[in-house]
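Participant: Turn this into a structure:
(one chain, ligands or ions: 1)
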Amino acid sequence: MIASRMPSPIGHALGGVAAAWTADLVDGRRDERWQPLLLYMTLAAAPDLDLVVPGGHRMATHSLFAVLLVFIIAAAVTAQVTPLRASRVGGHARWRDAVVCAAAYGSHLLLDWLGADNMPPRGIQLLWPVSDRWFISDLDLFRQTARQQFLRPAIMRQNAIAVAQELAIMAPIVALLWWARHKKLRIWN
Ligand SMILES: [Zn+2]
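Facilitator: Below is the predicted model of the structure:
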């Protein structure tokens, strides 16, 4: 049996950047912007850390509860580690930073929901811990990737096609958002 995840970390990383930039389009001044792209990418891939928990994949870390937790932690952390920045740009920048971080994390749930999953129980436990129902769109927008025996030719081919499809879908979206973001915020340099 090949244990799988839905989109690969590459697809999730691009999804995280896209979600963060979308959230960051809302209101605000140019000098309030920061761009921790690596943080967005890490947050977007983080839910799959539950792969190390036997039988625990796509449950707690793939829930709206986890997204809320990321928002709360991000708000607390940005208040602690960026006092200079907060005093410089004002309090509401901190809230946007928290929203942007939560959006990056939440993008993982969206991409998994849109992805193919042929291993029951299919989907993600979006409403954990309130409900143990599994959610999936059945749109199969993203292919499954395999993380075990990934050096086997058949698995390598499967993963390569999946990542190529993720890039084909996500790269234009990220490029479009980059353009929109720079046009709206006029931060070309
Ligand atoms: Zn996942």
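
Participant: And the strands in the chain, which stretches?
Facilitator: 4-5, 145-146 (DSSP state E).

Participant: Please identify which of those strands is closest to residue 77.
Facilitator: When the strands of the chain are compared by Cβ to Cβ, strand 4-5 sits nearest residue 77, at 26.9 Å. In short, each C-beta sits where N, CA and C put it, glycine included.

Participant: returning to that earlier point: which of the strands of the chain sits closest to residue 61?
Facilitator: Of all the strands of the chain, strand 4-5 sits nearest to residue 61, with 11.8 Å by Cβ to Cβ.

Participant: Which positions in stretch 51-71 come out as buried?
Facilitator: For stretch 51-71, the neighbour count (16 or more other Cβ atoms under 10 Å) marks 57-59, 61-63, 65-67, 70-71 as buried.

Participant: contacts for it?
Facilitator: With Cβ atoms under 8 Å, 6 or more residues apart in numbering as the test, stretch 51-71 has contacts from 3, 5, 43, 46-50, 98-99, 101-102, 105-106, 108-109, 112, 123-130, 134, 147.

Participant: average pLDDT across that stretch?
Facilitator: The average pLDDT for stretch 51-71 rounds to 92.

Participant: One more: stretch 17-37?
Facilitator: 76.

Participant: for the protein, which spans come out with low pLDDT?
Facilitator: Low-confidence segments of the chain (pLDDT under 70): 1-4, 27-34, 81-93, 186-189.

Participant: Appreciated, that's everything.
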